Every structure is written in structure tokens, then in C-alpha cells.
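A.B. asks: Structure for this input, please:
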Amino acid sequence: MSPVTPTQFQSDTGPFDLIGDFHGCADEAEMLLERLGYTLGMTGPVGARNYALSHPHGRKPVFLGDLVDRGPRSPDILRLVMPATKSGRAYTVMGNHDDKFRRWLDGHNVKVTHGLEETLHQFERESVAFRHEVREFLYDLPTHLLLDRGSLLVAHAGLAEKFHGVNSGAERSFALFGDVAKHRDEHGLPIRLNWACDYSGTPTVVHGHVAEPEVRVENRVWCIDTGCCFGGHLTALRWPEMELVQIPALKAYFQSPRWD
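C.D. replies: From the prediction side, this is the model:
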């Protein structure tokens, strides 16, 4: 597959359903997609489920990354997302957890922390062929996309205006991790800087990555990660309607010192 460029799909005007971080929460993903009107075409048991995702009115989901880690069903999330994305019925951008898992699949020595241990345990029963398919899929994911004639930008952690449409190391770091301070907080976690307070770009930017109890909107920058894996909600933003649709988490699957 040839590399995806950030501007490649500007001509696709949607409508879209932008969906925040799954983190392996497949039960909530299934419920949210059905509430959004999608047909899932599910076959097989939980843990080895296959999907044929479609929408009767041609809407497309846009998955904002962090498909894996923390939740109980990361392989099923990948079985949901991969065929829909490969067939053009959905878009997916890379999340930092997805990138770390890809590096683990490549044999790199990564720290098994922040929920990766859950994904590795779940993948113990997966075939070598499926692992290879996942690895190839993650390699092909873009870090950001411009959609709807450039009026909508999606990236896992958002993207400052100077990086829009750019492929570079600095752009990739920002899209995966956001604007991060050089020092860490008292829990050893990265301190995220509020780049949205200075945003004045043309596209509306929709991202995840920063889990908060409520959707945050500032200067046409929408953060829709509402912490499903921490016991919050799984959130979708309909485009162009700008309507929020949410499913409450069935339980808290992972603990974070930042989550009340």
C-alpha cells in the first residue's frame, strides 16, 4: 500500500462519525456504533469476533486512534476497525498506544506499561497470521487527515496549525502526543500544554488522547476522549451536525491517577 498523505481524502465530504479512544472497549464500541445507526454484521464469539461494518445512509466512522491497551477486547477492536478502514468504509489515524504496540510487534524493547500488558495477554491466543495483519495495518495508518475540503482535521492528540498537511518527525510527535512539557508531573506522567488556547487555523480539529470527564471545546478544537477505559464514556461527534452521542462505560477497566 502506498503511504497515505494528510490531504489525500479532502474530497470526501462525509458525513462522518468521529469516535474517541476505544482502548480495547469493544462492548461499548459495538453499542455506540449501533446507536449511531451502523450495521455491525457480527459473527463469532467475544474474543474472536468478526465484523462487516456498514451504514444505510453512507456515513463513515473516523477512529481517532488508541485502539488497543487497557480494555478487555483489543483484538476484537482491531477486527472491527481493520476491514472497515481497508475497504474505505472508515478512516483511522494512529494513536500513541497503537504505535507502541506496533513497535512491540516489530520486536523492539518497549516498556510494558500503561495497559500494554493487557493487550499482550490478549494476543497470546492470536495466530501469527493475525499478528502480521495487525502489524501491517498499523504501519499504514496516517498520523493525521484533512477531510471535507480541508474544513476538518483529525489527529489522535490534535495538531497545531503549522503542521497541517505536513509529514515530518515533529508533526508525527505532535499528532501522537500533543504539545508536551519537558518535565513530568508528580505521577511521572507527561504534562500536556494547552496548544488549543492559541489555535486560529481554518479547519476544525477533532482529537482524543487527553481523557477528561467531559468533551472539551476551545477555538474549534474538540477533544472527545471521555475516558471509556477509566469508567467514563465512549463519545462520538457527528460531522457536520456537531452532535455528541455517548455510551457510558460498562465498568472501569484501568486505573489512572489523573482520573477521579
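A.B. asks: least trustworthy helix or strand in the chain by mean pLDDT?
C.D. replies: None of the helices or strands of the chain scores lower by mean pLDDT, DSSP states H and E than strand 180-184, at a mean of 70.
A.B. asks: next structured bit after it?
C.D. replies: Downstream of strand 180-184, the next assigned helix or strand under DSSP states H and E is strand 190-192.
A.B. asks: Could you give the average pLDDT over the helix or strand that that following strand is followed by?
C.D. replies: With elements assigned by DSSP H and E, the helix or strand that comes after strand 190-192 is strand 204-207. Averaging pLDDT along strand 204-207 yields 98.
A.B. asks: residues in contact with the helix or strand following strand 204-207?
C.D. replies: The C-terminal neighbour of strand 204-207 among helices and strands, as given by DSSP H and E, is strand 216-218. Here strand 216-218 makes contact (CB atoms under 8 Å, 6 or more residues apart in numbering) with N194, A196, C197, Y199, V210, W222, C223. Where C-beta positions appear, they are placed from N, C-alpha and C, glycine not excepted.
A.B. asks: what's the spacing between the nearest residue to the second one once chain neighbours are set aside and Y253?
C.D. replies: Same thing as A196. Residue nearest to A196 in three dimensions, not counting chain neighbours: V221, with 3.8 Å by CB to CB, 6 or more residues apart in numbering. To Y253, V221 is 27 Å away according to CB to CB, to the nearest Å.
A.B. asks: Make a ChimeraX selection of whichever of the contacts of strand 216-218 turn out to be buried.
C.D. replies: In ChimeraX syntax, the buried subset of the contacts of strand 216-218 is picked out as below (16 or more other CB atoms under 10 Å):
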select :196,199,210,222,223
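A.B. asks: okay, now I191: neighbour count?
C.D. replies: Using other CB atoms under 10 Å, I191 has 11 other residues around it.
A.B. asks: Wait, it touches G178, no?
C.D. replies: No - using CB atoms under 8 Å, I191 is not in contact with G178; the gap is 10.3 Å.
A.B. asks: What residues does T204 make contact with?
C.D. replies: Counting by CB under 8 Å, 6+ apart, T204 makes contact with S151, L152, L153, R220, V221, W222.
A.B. asks: Select from those the one having the most neighbours.
C.D. replies: Going by other CB under 10 Å, L153 tops these with 27 neighbours.
A.B. asks: Confirm that M82 sits in a helix.
C.D. replies: Yes - under DSSP: H, G, I helix; E, B strand; the rest coil, M82 sits within a helix.
A.B. asks: So for the residue lying closest to it once chain neighbours are set aside, what's the pLDDT?
C.D. replies: Of all residues not flanking M82 in the chain, F137 sits nearest, at 5.0 Å (CB to CB, 6+ apart). Note on F137: pLDDT of 97.
A.B. asks: in the one helix or strand F137 maps to, what's buried?
C.D. replies: Secondary structure assignment for F137, by DSSP H and E: helix 128-139. Within helix 128-139, the residues that count as buried by 16+ other CB under 10 Å are F130, E133, V134, F137, L138.
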